[in-house]
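In: Take this sequence and fold it.
(one chain, ligands or ions: 1)
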Amino acid sequence: MSTVTPVSTSTSQRKKVTTLTFRQKKERGEPITMLTAYDYPTAMAMDRAGIDSILVGDSLAMVVLGYENTLPVTMDEMLHHARAVSRGAKSAMLIGDMPFMSYQVSVEEALRNAGRFLQQAGMDAVKLEGGRERADAIRKITGAGIPVMGHLGLTPQSVHQLGGFRAQGKTASTAKHLLEDALILEEAGVFSLVLESVPARLAEVISKQISIPTIGIGAGAGCDGQVLVTHDLLGLFDRFTPKFVKQYASFHAEMSKAFSEYIDDVETKRFPSIEHIIEMTDDEWNLFQEEIKK
Ligand code: KIV
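Out: You can find the predicted model right below:
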């Protein structure tokens, strides 16, 4: 690792974002910003940029760990990454995404695992996927004082049941079901709700009918906030990019270019050059020469 002087950290830290901030932003009509992060430097950069909330998403499974879907990632893996994020971000609200099978088996297990995100990984809240069938788990978790974010629409942990990563709520009856689920989750106590891959006008209606803020991903501008998977936004994950993603950088291409240049530099002996070497005084060098002659 190079010995670069670190960029000075600002002493005036932003005020911590909380569930109250979320609610106030909705009331004021101010959009809520959220991104995913899975490591310390990314979380730190986002926090410094002023993001409202960081989700340690189970998208970790796909964009960092290389799985086909989000199902294989475990509680221990999620906690490992959540801890790194909480070391990097002090002001953003930190949300731990409950992985597949960490909350579906029983409400007791759901509560225990939700608690681990706060107690062992420095998260401020948890997120879980699903509608009315999750109401009991949400009541149990929020009853213990742990804020829960809901997630409706395309819920990737149900990819096999949904028949693939496909948009939801596109028919009148599924749209009605989604709206009902949103109202049930609000009543069960979620402080906010992710709406993923649903028609924009449905998301807008839901956002108007519930008092808690909605955070959209592929759900249009009518939501109270937006979230993207950071690896999509940065162009770091090149396996596929959903239609709803706006790519702000092409880091995968940049990374490949940097790696190729490094390989070329080493192979052609352009690296390391004089500015990358560690010097020794001539006196010490001469002493050393004497030593090895003995
Ligand atoms: O895991 C994740 O990154 C998510 C977002 C897509 C909301 O759940």
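
In: residues in the stretch 101-250 of the chain within reach of the ligand, list them.
Out: His151, Val194, Glu196, Ile217, Val227, Val229 (Cβ under 6 Å from any ligand atom). (C-beta placed from N, C-alpha, C; glycine too.)

In: May I see the ChimeraX selection of the buried members of the residues you listed?
Out: Here is the ChimeraX command that selects the buried residues among these (16 or more other Cβ atoms under 10 Å):
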select :151,194,196,217,227,229
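
In: can you pull the contacts of Arg132?
Out: Glu180, Asp181, Ile184 (Cβ atoms under 8 Å, 6 or more residues apart in numbering).

In: Out of those residues, which end up buried?
Out: Among these, those buried by neighbour count (16+ other Cβ under 10 Å) are Asp181, Ile184.

In: With respect to Gly235, which of the contacts of Arg132 is nearest?
Out: Asp181 (33.0 Å; Cβ to Cβ).

In: Let's verify that closest one: helix, strand, or coil?
Out: helix (DSSP: H, G, I helix; E, B strand; the rest coil).

In: cool, and Met149?
Out: strand.

In: just curious, which of the residues of the stretch 101-250 of the chain next to the ligand is nearest to Asp265?
Out: The closest of these, once distances to Asp265 are taken by Cβ to Cβ, is Val229, at 32.6 Å.

In: so that closest one sits right up against Phe237, yeah?
Out: Yes. Taking contacts as Cβ atoms under 8 Å, Val229 lies within contact range of Phe237: 7.5 Å.

In: quick one: the helices in the protein?
Out: Using DSSP state H, the helices found in the chain span residues 19-28, 40-49, 60-63, 75-88, 107-121, 135-143, 159-162, 172-188, 200-209, 230-233, 251-267, 282-293.

In: Output those as TSV; include the columns mean pLDDT and distance to Met34.
Out: Compiled in TSV, those are given as follows (pLDDT from 0 to 100; distance: least, Cβ to Cβ, whole Å):
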stretch	mean pLDDT	distance to Met34
helix 19-28	98	10
helix 40-49	98	10
helix 60-63	97	15
helix 75-88	98	13
helix 107-121	98	16
helix 135-143	98	19
helix 159-162	95	22
helix 172-188	98	17
helix 200-209	98	15
helix 230-233	97	10
helix 251-267	97	20
helix 282-293	97	55
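
In: Of these, give the one that comes closest to Lys127.
Out: helix 107-121 (9.6 Å).

In: Which parts of the closest one count as buried, going by neighbours?
Out: Val107, Glu109, Ala110, Leu111, Asn113, Ala114, Arg116, Phe117, Leu118, Ala121.

In: which other helices and strands contact it?
Out: helix 75-88, strand 93-97, strand 125-127, helix 135-143 (3 or more Cβ pairs under 8 Å, 6 or more residues apart in numbering; DSSP states H and E).

In: care to break the chain down by domain?
Out: Residue ranges for the domains of the chain, per automatic domain parsing: 19-249, 254-293.

In: Now distance to Lys243 too, for the helices of the chain, in TSV please.
Out: Putting the helices of the chain into TSV (distance: least, Cβ to Cβ, whole Å) gives the following:
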stretch	distance to Lys243
helix 19-28	26
helix 40-49	24
helix 60-63	17
helix 75-88	27
helix 107-121	31
helix 135-143	30
helix 159-162	17
helix 172-188	19
helix 200-209	12
helix 230-233	11
helix 251-267	18
helix 282-293	62
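
In: Go through the domains of the chain and pick out the most buried.
Out: With neighbours defined as mean count of other Cβ atoms under 10 Å, the domains of the chain peak in mean count at domain 19-249, which reaches a mean of 19.
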